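*Asks:* Got a sequence here, can you model it:
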Amino acid sequence: MHAACRSRVRHRSTSRAAGPPGASSKGEGRLTLEEQEGGTLATIKAEAQVGGLIARRRASALVGAAGRMLMSQFFSALEAELDKSATA
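*Replies:* The predicted model follows:
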């Protein structure tokens, strides 16, 4: 973690969506970055709730796959930003 940063940084994000009658979703994600010996520990916690047709059709598999995809995108983007900072 950069020396000018605090030893712990937290971010919370929430979302809600509604579709056809009865279809809905909401979620919350929390990201904590903590200074550790020689690096930074990233802790991510997420929770999602879905209702309606999608909930009746294997929602947990869909939500899990979407979560893995988003985490992969997040860490790829973070790595790219850190690489840019290191070369600047």
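
*Asks:* hey, C-alpha coordinates of the one helix or strand Ala55 maps to in PDB?
*Replies:* Assigned by DSSP states H and E, Ala55 falls within helix 53-56. What follows is helix 53-56, C-alpha atoms only, in PDB (Å, rounded to 0.1, in the frame of the first residue of the first chain):
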ATOM      1  CA  LEU A  53     -38.000 -16.500 -12.700                       C
ATOM      2  CA  ILE A  54     -34.200 -16.400 -12.400                       C
ATOM      3  CA  ALA A  55     -34.400 -17.500  -8.800                       C
ATOM      4  CA  ARG A  56     -36.300 -20.600  -9.900                       C
END
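
*Asks:* Toward the C-terminus from that helix, list the very next helix or strand.
*Replies:* Later in the chain than helix 53-56, the nearest helix or strand by DSSP H and E is helix 59-87.

*Asks:* Which neighbouring elements make contact with that next one?
*Replies:* Applying 3 or more C-beta pairs under 8 Å, 6 or more residues apart in numbering; DSSP states H and E, one finds that helix 59-87 makes contact with strand 39-51. Quick note: C-beta positions are derived from backbone N, CA and C, even for glycine.
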